[in-house]
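Participant: Okay, predicted coordinates and the sequence, questions at the end:
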Amino acid sequence: MPTALLDTTLNTDTKALAEEVAPLAIRVIRSPKRRKTAAAKILPDCIEVRVPAGMAPDIEADMVAKLVTRLERKRIANAGTPNLAERAAHLAQRYNLRQPVSITWAEQNDRWGSCSSLRSTIRISTRLAKVPTWVLNAVIVHELAHLSEPNHSPAFWALANRYPHQERASGFLEAMSGGHCDPCHII
Ligand SMILES: [Zn+2]
């Protein structure tokens, strides 16, 4: 057991924070013992996926992606609905962005988020209640950045990209919507 790698001094707050700012890394182990099936589990520092050795790289990548998505969905299904106000306050402080007056869940199927920079209000699609934390955070930071820059200019992206996983989150959301969803709407 690699117990030396585990920092037993971590308290739950630190763990929650660590999960908020980074998606778990994925470790692929190619096992000669496996023939066709793969298995994945969540470890403290990564998602470990065991696949049969000698697979074609594209088939292996596909298998790993499917297992990781399934595992993340299961983990999210077991968690409660995130508190948007608390999360937005934390992210605004952490990335030095404007605090919103309000941020609420809304039934909106054609976009992930919307904001009014005049009123400093943000609405987040209820479809994001069950995505990984780092994806929801990326959308919140995107909308927070619009409170200062109500456009998609380079100045806007300089603010939004203070959150380091914007690009990976975009990929996740694009796959989730089949590419038919606008990222956001600015009023
Ligand atoms: Zn936007």
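Facilitator: Nice, thanks for sending it over. Residues are numbered from 1 along each chain as shown.

Participant: Show me what residue 102 bridges to in the sheet.
Facilitator: residue 121 (DSSP bridges).

Participant: Now do the helices in the chain.
Facilitator: 12-21, 57-77, 84-94, 133-148, 154-160, 166-177 (DSSP state H).

Participant: Put together CSV for the ones you listed, with mean neighbour count, distance to residue 104 and mean pLDDT on each row.
Facilitator: Using the backbone N, CA and C atoms, a C-beta is placed for each residue, glycine as well. Listed next are those as CSV, based on neighbours: other Cβ atoms under 10 Å; distance: least, Cβ to Cβ, whole Å; pLDDT from 0 to 100:
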stretch, mean neighbour count, distance to residue 104, mean pLDDT
helix 12-21, 12, 20, 43
helix 57-77, 14, 20, 83
helix 84-94, 16, 7, 94
helix 133-148, 24, 11, 94
helix 154-160, 15, 20, 96
helix 166-177, 16, 19, 88
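
Participant: Out of those helices, which gets nearest to residue 35?
Facilitator: helix 57-77 (13.0 Å; Cβ to Cβ).

Participant: Identify the structural domains in this protein and state their residue ranges.
Facilitator: As given by automatic domain parsing, the domain ranges for the chain are 25-78, 84-186.

Participant: circling back to that earlier point, closest one to residue 36 among the helices of the chain?
Facilitator: helix 57-77 (9.8 Å).

Participant: packing partners for that closest one?
Facilitator: strand 25-31, strand 39-42, strand 46-52 (3 or more Cβ pairs under 8 Å, 6 or more residues apart in numbering; DSSP states H and E).

Participant: ok, the shortest one: who's next to it in the sheet?
Facilitator: What that stands for is strand 39-42. strand 46-52 (antiparallel).

Participant: okay, the angle between the partner strand and helix 57-77?
Facilitator: 140 degrees (axes from the mean of the first three to the mean of the last three Cα atoms, to 10 degrees).

Participant: related to what we said a few turns ago, would you convert the helices and strands packed on helix 57-77 into TSV that also reports mean pLDDT and mean neighbour count?
Facilitator: Formatted as TSV, the helices and strands packed on helix 57-77 follow (pLDDT from 0 to 100; neighbours: other Cβ atoms under 10 Å):
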stretch	mean pLDDT	mean neighbour count
strand 25-31	90	13
strand 39-42	84	15
strand 46-52	90	18
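
Participant: Now render those as TSV, adding distance to residue 186.
Facilitator: Output for those, formatted as TSV (distance: least, Cβ to Cβ, whole Å):
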stretch	distance to residue 186
strand 25-31	34
strand 39-42	36
strand 46-52	35
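
Participant: Residue 153: which of those is closest?
Facilitator: Among those, strand 25-31 sits nearest to residue 153 (Cβ to Cβ), with 32.4 Å.
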